[in-house]
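**Student:** Test case, fold it:
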Amino acid sequence: MNLSPKLEQIAVIGMGSTGISIARHLQRMHIVCACFDEANVVLPDDLQTTPLHTGPLDADVLGGFDRVIVSPGIDWRHPALLAVRGCGIPVHGDLDEFLRHYQGRIIAITGTNGKTTTTQMIALLLETLPGGCEAGGNIGTPMLDLLGHKPPAHVALELSSFQLERATQMHPHWAVLLNVQPDHADMHASPQAYKEAKLSMFNKMILGDTALFPIDVEWDATVADLAGRGVNVTRFGVIEADDERAKFCKAGVLLNTPWGDKASGKTDALFWTQDSEWVKIDCDDLMLRGHHQQQNIAIAAQAAADHGVSRTVIEEAMLSFQGLEHRLEFVGHVAGRDWFNDSKATNPDAALAALESFDEVVWICGGMRKKLDLDSLILMARKKVSFALVIGKEPDAYSLMLDKADVPYMVSHTIEQAVKDAAEKTEGPVLLSPAAASQDQFKNYAERGKAFVAAIRALEPKDKKGYAGFSDD
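**Tutor:** Down below sits the predicted model:
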């Protein structure tokens, strides 16, 4: 009689970077798995012995496995996955698999915009703690890759709604919801389902855990519920110093706060709470531009303070951080003007935040709209934009929005032509902040940003240093 236990068999769905990391993790754990992808993909050399099934997903085939692990890029509502879940077979994402094996402290970050900047800065600050900290998840490094060597004592996980909706065991020790805006809501059953996926990150938090939420009244009920469960809840925001709700904020940006050595007596200040008092840094002293980005690093400062990082280390990091590529990035001074690359602004809310960072700007916008309403941009465009250049294969919606805003514009179609038009026909700083996805003309927002930078470099002949006209002015 054979009494040996049956080996668990797992199906891995979606062979992008996350799916490959799942398969490699299972291989390290000596767990039998098979890979599935509806596209005609090829596995890397180290997974060549792993069975690969391509073509439409078959619920009957998946039903033969003990568990199914699904990559974030696969629609959670896929008919085959619905059928498998209906049969009672456990179906989840890489986050649950990570939680099965990681024993350290989890710092979780979610939201529509700002996740990567916040996560990177938190990981940078917490790296100074014993055992270190690494960033993973939706940030570029699949989280299961963090288990391939000695895991760090802390992990900062950037988590998308897709990762959270297929997680059942998520329990972070410290977590922040940055915002919820209508960007990926179309990939969920409804906008409410998108919001609930984000909020699910907090469902298992208990006494001793810390949760951060925006100061907006929209989140008051959620905050009250968490506080009632004993969770330490912190509020943050970009808020006027004399607003009565400012006293409830522990981190963010204070607008028009009194400042003794300023001629006006007031300035905007990044702040966080440490040793029961606000620590403030004049926003003019920061290298990072934009109140929305300054708020993100203030949240990171709060994470660091909550984990015992010294005030001196946090202050030095705040003052020296220059930001990430494609996020309101200062490209350089060329052709007599400053150029800013905010290609990561793939939705109207992100573009609004970028525009608000300027007194007046030439705005390059347009791309794949994803059916998002552009009317929220009208007032800000009217206030901040001197001239606009529209790119993308379907510029009409952006042209209509600019018409409503009474902003002069021209349709340049391509990013290269937009840069040329901006240099020849306008004056003042130029901002690429598309308020649109990039896939109508580019692989992703990073490729679009790189094309923008390359077009700027092409404006002037290389100088003796080999750079295309950039100066330090």
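
**Student:** hey, let's count contacts and neighbours off CA atoms from now on
**Tutor:** Fine.

**Student:** give me the low-pLDDT residue ranges for the chain?
**Tutor:** In the predicted model of the chain, residues 1-6, 182-187, 260-264, 461-473 satisfy pLDDT under 70.

**Student:** so where's the longest helix in it?
**Tutor:** helix 291-306 (DSSP state H).

**Student:** Quick one: distance of it to the chain centre.
**Tutor:** Chain-centre distance of helix 291-306: 14 Å, with C-alpha atoms, centre = their mean, to the nearest Å.

**Student:** Show me the beta-bridge partners of the nearest residue to Ala305 once chain neighbours are set aside.
**Tutor:** Spatial nearest neighbour of Ala305, chain neighbours left out: Gln274 (5.8 Å); criterion: C-alpha to C-alpha, 6 or more residues apart in numbering. Judged by DSSP bridges, the bridge partners of Gln274 are Glu277.

**Student:** now the strands for the stretch 51-200 of the chain?
**Tutor:** 52-54, 67-70, 91-92, 105-110, 133-137, 154-158, 174-177 (DSSP state E, counting those that start in this stretch).

**Student:** Which elements pack onto the second one?
**Tutor:** Right, the one you point to is strand 67-70. The contact analysis (3 or more C-alpha pairs under 8 Å, 6 or more residues apart in numbering; DSSP states H and E) places strand 67-70 against strand 9-13, strand 91-92.

**Student:** Would you mind saying which of those lies nearest Ala446?
**Tutor:** Ranking the helices and strands packed on strand 67-70 by proximity to Ala446 (C-alpha to C-alpha) places strand 9-13 first, at 25.9 Å.

**Student:** Check which helices and strands that closest one is in contact with.
**Tutor:** Using 3+ C-alpha pairs under 8 Å, 6+ apart as the contact test, the elements touching strand 9-13 are helix 17-28, strand 32-37, strand 67-70.

**Student:** Tell me which of those is the most buried.
**Tutor:** Highest mean neighbour count among those (mean count of other C-alpha atoms under 10 Å): strand 67-70, with a mean of 24.

**Student:** Can you report how many residues lie near Lys425?
**Tutor:** For Lys425, the count of nearby residues is 8 (other C-alpha atoms under 10 Å).

**Student:** still on that earlier bit, winner for burial among the strands of the stretch 51-200 of the chain?
**Tutor:** strand 154-158 (a mean of 26).

**Student:** now that one and strand 133-137, what's the angle there?
**Tutor:** 30 degrees (axes from the mean of the first three to the mean of the last three C-alpha atoms, to 10 degrees).

**Student:** how distant is strand 154-158 from the center of its chain?
**Tutor:** 13 Å.

**Student:** strand partners of it, parallel vs antiparallel please.
**Tutor:** Here strand 154-158 is paired, per DSSP bridges, with strand 105-110 (parallel), strand 133-137 (parallel).

**Student:** residues contacting Ala446?
**Tutor:** Residues near Ala446 by C-alpha atoms under 8 Å, 6 or more residues apart in numbering: His326, Ser343, Lys344.

**Student:** looking at this, it is in a helix?
**Tutor:** Yes - assessed by DSSP: H, G, I helix; E, B strand; the rest coil, Ala446 belongs to a helix.

**Student:** In terms of distance to Ser412, which of the contacts of Ala446 ranks first?
**Tutor:** Using C-alpha to C-alpha, the contacts of Ala446 come closest to Ser412 at Ser343, 16.5 Å.
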